[in-house]
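K.L.:
Structure here, sequence nowhere to be found:
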């Protein structure tokens, strides 16, 4: 009987242990070499304070979430890579797992239990208390991303693209649908790792659908997606960042519904792009050299004598001008109001300048800018629209241009003749750096400011080898640069550092400043020890009707000056330039009626062109 009681006691103890311990604990120890298998819907207890290893092998492809109950500091993480699981908003890990694959996990900290669910939706954590929802239809290859909770921002992972939970099924995604409420597509969300990554990721992706709520597309977002065919961008999309669709070699068509701003090189090297549709007339910020190297650029250029114009903006030029035929002139169409940054950047006959002469503009000798152009756009990195056009010799600048931007004609080594417009007021830094303007150079009377290094000749450009390469077969010889005179008008008030550095040293040359007595030009010449040639007393400036203060614009300040003169608070003598600028009705008097007309013109209610004597 005693032996029977002991046996019964042992059996009862074993039964009690079976009730207290999880079933999985008998099958495996939870070590890395002997992990605990997880099953859908089954809870497995976790020993607090110990690292426990698990495995999970799905019976079907699908979306799975690994849940946990834990105190702060607990975590469950992949035990080896690759495991397509990502933070699901504080609930554990989520991912799209494949049938028959075995995934290894590790539980850390004071975790109470672990459970796997097949719930059909994935939580992708964005910030502390915000997340997006996403799921995947394996039959149709559709990845859908919706706003879950928060502001709808897609998290910009600081690490690599493997952090995105859908990366591990990238080769199965054919269509990405970004749902309403989502406002951003994160950098690298559907792309290779970087500019230098030769891998074409998301090779099956053919279509992307964006919501009306989308505001921004991050850099490299769809970089090197080779099968993407067509994309339509919503009306409220504000920015497409650098390299977003770079090298999408299969992209054939893009449509912009709104005034989206492009950042270089968002669409560069899209070799199949044949159609670009811009529906909003306010889309004018195309960035540097947009759609470069695309069939669309070539087609539009061929139809418009080399010019590619969108919404009155010259965004590019592409034509193999024939040097032998002398057909090297680009006449920018009248009506163009802005020449975009990089529109003609790097046009060269030198193969060393880049791919097929960089823009395949094998010979561009002359550019004519019409009066309708008011802006020459500047790029922060590359400079102005004509930078490095190494065959450009002659430029005519229309009367609408008031500023020559930084680096506009920099390194245009062959530039010899510049016909300035009547309203140029500023020549910014590096604008004509390393251009060899021979003989007498006239800075327009309207110019008030010349930036630093604006006309500088650097040491490298003054060397004998450069002269041999760039001047040897030209009608200009070094002797043409040995004696140069620069005229500076009476409006000039500031010249930046090294603006004409190198002019006096090039080929032992003589550099003379020509100007009027008592002007800034005389002061600057003496301060910098340049010879000054006096033209006598400065003439009275000519002012346009309405531009009383002579700043080149008609504003409320001009109307105020006219009103003050009408009541005797200003003493402009009758017949003086300021008096004539006030008398816009040409009745020989300055009255409140003149001030009223000037004020109306300042807000666009009056056309100064109608003020005719």
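P.N.:
Alright, I've got the coordinates. Since we're looking at a predicted model, the values are computed, not measured. Numbers count the residues shown, from 1 in each chain.
K.L.:
quick one: the helices in the stretch 251-400 of the chain?
P.N.:
Taking DSSP state H, counting those that start in this stretch as the test, the helices found in the stretch 251-400 of the chain are 295-303.
K.L.:
With the chain instead?
P.N.:
Using DSSP state H, the helices found in the chain span residues 2-20, 24-27, 295-303, 464-471, 520-527, 556-566, 577-582, 592-602.
K.L.:
For the third one, buried residues please.
P.N.:
Read that as helix 295-303. Along helix 295-303, these residues count as buried under the neighbour rule (16 or more other CB atoms under 10 Å): 296, 297, 298, 300, 301. (Each C-beta comes from the backbone N, C-alpha and C, glycine too.)
K.L.:
now the strands: where do they sit in the stretch 151-300 of the chain?
P.N.:
175-178, 184-185, 207-209, 216-217, 230-233, 239-240, 253-256, 261-262, 275-278 (DSSP state E, counting those that start in this stretch).
K.L.:
just so I know, which of these lies nearest residue 431?
P.N.:
Among the strands of the stretch 151-300 of the chain, the nearest to residue 431 by CB to CB is strand 261-262 (24.7 Å).
K.L.:
packing partners for that closest one?
P.N.:
Based on contacts counted as 3 or more CB pairs under 8 Å, 6 or more residues apart in numbering; DSSP states H and E, the elements that strand 261-262 packs against are strand 239-240.
K.L.:
low pLDDT regions in the stretch 151-300 of the chain?
P.N.:
When the per-residue scores of the stretch 151-300 of the chain are filtered using pLDDT under 70, the ranges that remain are 155-163, 165, 192-200.
K.L.:
Of the helices of the chain, which shows the lowest average pLDDT?
P.N.:
Per-stretch averages of pLDDT across the helices of the chain put helix 24-27 at the bottom, with a mean of 40.
K.L.:
Can you tell me how far the spatially most central residue of the chain is from residue 380?
P.N.:
Taking CA atoms, centre = their mean, the centroid of the chain lies closest to residue 263, which sits 1.8 Å from it. When CB to CB, to the nearest Å is the yardstick, residue 263 and residue 380 sit 11 Å from each other.
K.L.:
so residue 371 touches residue 396, yeah?
P.N.:
No: the pair residue 371 and residue 396 fails to qualify as a contact (CB atoms under 8 Å) at a distance of 10.4 Å.
K.L.:
Domains in this structure, by residue range?
P.N.:
Annotated domains of the chain cover 24-117, 121-283, 556-610 [automatic domain parsing].
K.L.:
ranking these by burial, who's on top?
P.N.:
Across those, the average number of neighbours (mean count of other CB atoms under 10 Å) peaks for domain 121-283, which reaches a mean of 19.
K.L.:
Check the offset of that one from the chain's centre.
P.N.:
Using CA atoms, centre = their mean, to the nearest Å, we find the averaged C-alpha position of domain 121-283 to lie 16 Å away from the chain's own average C-alpha position.
K.L.:
Equivalent analysis for stretch 533-550, please.
P.N.:
The mean C-alpha position of stretch 533-550 is separated from the chain mean by 41 Å, CA atoms, centre = their mean.
K.L.:
gap between the two ends of it?
P.N.:
In terms of CA to CA, to the nearest Å, the two terminal residues of stretch 533-550 are separated by 26 Å.
K.L.:
what sits up against that stretch?
P.N.:
The set of residues external to stretch 533-550 that reach it, using CB atoms under 8 Å, 6 or more residues apart in numbering, is 445, 485, 490-491, 512-519, 522, 553-554, 557-558, 561-562, 576-578, 580-584, 597-598, 601, 608, 611.
K.L.:
Swap in 7 Å and give it another go.
P.N.:
For stretch 533-550, contacts defined as CB atoms under 7 Å, 6 or more residues apart in numbering pick out 485, 490, 512, 514-519, 553-554, 557-558, 561-562, 577-578, 580-582, 584, 598, 601, 608, 611.
K.L.:
Buried residues in it, which are they?
P.N.:
Of all the residues in stretch 533-550, those buried under the rule 16+ other CB under 10 Å are 538, 543, 544, 545, 546, 547, 548, 550.
K.L.:
pLDDT for those - can I get that in a markdown table?
P.N.:
What follows is those, written out as a markdown table (pLDDT from 0 to 100):
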| residue | pLDDT |
| --- | --- |
| 538 | 85 |
| 543 | 83 |
| 544 | 87 |
| 545 | 93 |
| 546 | 94 |
| 547 | 93 |
| 548 | 93 |
| 550 | 82 |
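K.L.:
Distance check, the closest residue to residue 230 other than its chain neighbours against residue 245.
P.N.:
Leaving out its chain neighbours, the residue that sits closest to residue 230 by CB to CB, 6 or more residues apart in numbering is residue 253, at 4.3 Å. Using CB to CB, residue 253 is found at 12 Å from residue 245.
K.L.:
Can you give me the end-to-end span of stretch 29-45?
P.N.:
Distance between the two ends of stretch 29-45: 12 Å, counting by CA to CA.
K.L.:
for stretch 444-457, that is, sorry about that
P.N.:
Stretch 444-457 has its terminal residues 21 Å apart, counting by CA to CA.
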